[in-house]
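1. sequence plus predicted model, see below.
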Amino acid sequence: MKDVLRDIAKERMVILYDMALKAVRSGDKDLARRYVELLVDIAGKSRTRPPKSIRRGYCRRCYIPLIPGLTARYRIVSEGKGSRLVVTCLECGWRRRFMIKSRRRSGRDSRAR
Ligand SMILES: [Zn+2]
């Protein structure tokens, strides 16, 4: 039965996130933040982790949904083995790095450039 509740929670999170994105696009950032806060609240109460796309899609500090070019800057920084995605929140300057798993091509290091 818990699974059903989690499904509902997830569904709501997706809907809220979608609404948050729309709110940002229409310029209402406060409203967008409220949706994200609600979403986080649902996640906490239902003890359900939001889908990955959502977890990475908002600022943990100011709760703004991160939209490339609008509220966030996405940069890919390559570092030896793999590369990192650096996300900067344009609202509060918060930064987050994500490792991008480099797909194993050939074991050899093909350093183009
Ligand atoms: Zn922020």
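-> That came through fine.
2. residue ranges of the helices in this structure, please?
-> 2-25, 29-46, 52-55 (DSSP state H).
3. a markdown table please, covering those helices and showing mean neighbour count and mean pLDDT.
-> No exception for glycine: its C-beta is placed from N, CA and C like everyone else's. As requested, the helices of the chain are exported to a markdown table (neighbours: other CB atoms under 10 Å; pLDDT from 0 to 100):
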| stretch | mean neighbour count | mean pLDDT |
| --- | --- | --- |
| helix 2-25 | 16 | 94 |
| helix 29-46 | 17 | 96 |
| helix 52-55 | 13 | 92 |
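4. mind putting those into TSV with distance to residue 72?
-> Below are those laid out as TSV (distance: least, CB to CB, whole Å):
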stretch	distance to residue 72
helix 2-25	10
helix 29-46	12
helix 52-55	14
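5. out of those, which is closest to residue 96?
-> Among the helices of the chain, helix 52-55 comes nearest to residue 96, with 10.7 Å by CB to CB.
6. I'd like to know which of the helices of the chain lies nearest to the ion.
-> helix 29-46 (9.3 Å; CB to the ion).
7. any part of the closest one near the ion?
-> No. Judged by CB under 5 Å from the ion, helix 29-46 and the ion are separated, with a smallest distance of 9.3 Å.
8. which strands and helices sit next to that helix?
-> helix 2-25 (3 or more CB pairs under 8 Å, 6 or more residues apart in numbering; DSSP states H and E).
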